[in-house]
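Chemist: I need the structure of the sequence given here:
(4 chains)
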There are 2 protein chains.
Amino acid sequence: MSPRSEDSLVGLPRNYLRPCLLLLLAEGTAHGYELLEQVADLGMDRVDPGGLYRCLRAMDEEGLVRSAWEPSTSGPARRTYTLTDEGRDWLHAVAAPLAEVAVALARYQRRYQRVLRRAPDVDLAPQL
Amino acid sequence: MSPRSEDSLVGLPRNYLRPCLLLLLAEGTAHGYELLEQVADLGMDRVDPGGLYRCLRAMDEEGLVRSAWEPSTSGPARRTYTLTDEGRDWLHAVAAPLAEVAVALARYQRRYQRVLRRAPDVDLAPQL
DNA sequence: GGTCGTAGGTGCACCATACACATAGACGAC
DNA sequence: GTCGTCTATGTGTATGGTGCACCTACGACC
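Modeler: Got it, this is the predicted structure:
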């Protein structure tokens, strides 16, 4: 019953997908499948496609993004998403809370390192 | 409908309470009410007491901590928690995933800053 | 025809979280 | 004495994000 690293002991911040998508859309218009690959660069590996499309749909209904169908010659039609001004506001508003999370994590890690130094009898935990 | 900073736009990492409690218990035995105040130092302000006690209870049943009642002369009895070896393993195992989250957040922020520089027409978002 | 890659989507169950609320001992104030 | 307050530990419940499975449809290739 020892903990295994592949278990979901902890996860990314709650609702982290939304800022990721908004950030990517702030860099340029894109469609869902494209975003599905790009969010991996932001730490979200193994994203659930269903959840991603649902998230985009929700942000569309909330006015954070605008969507438009775009026919494709090679494959099914794609829905392209564009960031709205409100979505940009949201992106800026979420920066502060995210920064706070980063600060909290930094504090945690500093404190964890202190515990490690105080009890160096354990084999060092894997660190990046 | 503009986003307000006090809204829960994003939150701390999922399951973040567990590592926090284990880290605090790695620093020394404590009881729940004490931990309730100390987790604020790790970024968890406004912790739900119910959730904290439930978390402690769950970790007790999983063998990550051991609990013992301790009578108090000034106030109700308190339940003191002690970290077990298994709990210490868990603490070390969770360090890597947490570090990954921190890395992901750092990447996000760097990329967000790049977007900010590319579109400096907006008033700068509050940053720590 | 069958299969693969692209593209978007639904249904559902689990579980963490949030919020409200309950209990109980000790202690000082009125 | 009992009322409120602080300490201390819980329960009940609803919400919602997340993960997993599954489905549709188009184009291309063998």
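
Chemist: where exactly do the helices run in chain A?
Modeler: A:17-27, A:32-38, A:49-62, A:85-93, A:95-118 (DSSP state H).

Chemist: burial count for A:A106?
Modeler: Look at A:A106: counted by other C-beta atoms under 10 Å in any protein chain shown, it has 14 neighbours. Backbone N, C-alpha and C define where each C-beta goes, glycine included.

Chemist: distance of the residue in chain A that DNA strand C sits nearest to from A:L42?
Modeler: Closest contact between chain A and DNA strand C, by C-beta to the nearest atom of the strand, is at A:G50 (2.4 Å). For A:G50, the distance to A:L42 (C-beta to C-beta, to the nearest Å) stands at 19 Å.

Chemist: looking at those two, which one has more neighbours?
Modeler: Neighbour count, other C-beta under 10 Å: between A:G50 and A:L42, A:L42 has more, with 21 against 8.

Chemist: quick check: beta-bridge partners of A:L83?
Modeler: Going by DSSP bridges, A:L83 is paired in beta bridges with A:V65.

Chemist: so what's it up against?
Modeler: Shown in contact with A:L83 (C-beta atoms under 8 Å, 6 or more residues apart in numbering or on different chains): A:22, A:25-26, A:29, A:64-65, A:91.

Chemist: if we use 7 Å, what do you get?
Modeler: A:22, A:25-26, A:65 (C-beta atoms under 7 Å, 6 or more residues apart in numbering or on different chains).

Chemist: how many neighbours does the closest residue to A:N15 other than its chain neighbours have?
Modeler: Spatial nearest neighbour of A:N15, chain neighbours left out: B:V10 (4.8 Å); criterion: C-beta to C-beta, 6 or more residues apart in numbering or on different chains. For B:V10, the count of nearby residues is 20 (other C-beta under 10 Å).
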